[in-house]
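Novice: model the structure of this input:
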Amino acid sequence: MALKVGDKAPAFKLKNQDAKIISLSELKGKPIVLYFYPKDDTSGCTKEACNFRDEFQKFGKMKAEIIGISADSVESHKKFAQKYKLPFNLLSDEKKEAIEKYGVWQEKSMYGRKYMGIVRTTFIIDPSGKISKIFPKVKVDEHNKEVMDALKEL
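Specialist: Now for the predicted structure:
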């Protein structure tokens, strides 16, 4: 069943790039930008992460927490975060628990070949833990700006 605006955001507990467990419940009370991306250190994912990094202070002024989730390992996240000086949590979901709860593990197609993968999607979770906005099939250019605009509406 697909999530929709107004739904309670599914709970998760995952390790970040420093192997520290981060849970959605401990972040309650502030807006959360939860973005799912396919793979560390690939062109689109790097651009998306760096766009969030470059606007990190503006997100901070809005009291928003930025969290990236992919199926990459803790070690992969650590290298990615260090290489690009990412100041936010990247969570490792190798078992695809949150990825599946949020419905972003879907059939994709490249060069006519079909395969399963993470569809780049961003969820904005309001301070009460409800989904206030969903950006499906994100295009990375200017995505950080549209996320910021949506946060202003909270």
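Novice: wait, doesn't residue 146 sit right on residue 135?
Specialist: Yes: in this structure, residue 146 is within contact of residue 135 by Cβ atoms under 8 Å, at 6.9 Å. Using the backbone N, CA and C atoms, a C-beta is placed for each residue, glycine as well.
Novice: name the residue in these two with the higher neighbour count.
Specialist: residue 135 (17 against 14; other Cβ atoms under 10 Å).
Novice: would you agree that one is in contact with residue 143?
Specialist: Yes: between residue 135 and residue 143 there is a contact at 7.0 Å, judged by Cβ under 8 Å.
Novice: give me the common contacts of the two.
Specialist: Shared contacts of residue 135 and residue 143, defined by Cβ atoms under 8 Å, 6 or more residues apart in numbering, are found at residue 122.
Novice: secondary structure of residue 26: a strand, I assume?
Specialist: No: per DSSP: H, G, I helix; E, B strand; the rest coil, residue 26 lies outside any strand segment and is helix.
Novice: can you get me a residue count around it?
Specialist: Residue 26: 9 neighbours (other Cβ under 10 Å).
Novice: per-residue confidence for it?
Specialist: Per-residue confidence at residue 26 stands at 93 (pLDDT).
Novice: now swap in the one 3 residues further on and tell me
Specialist: With respect to pLDDT, residue 29 has a value of 94.
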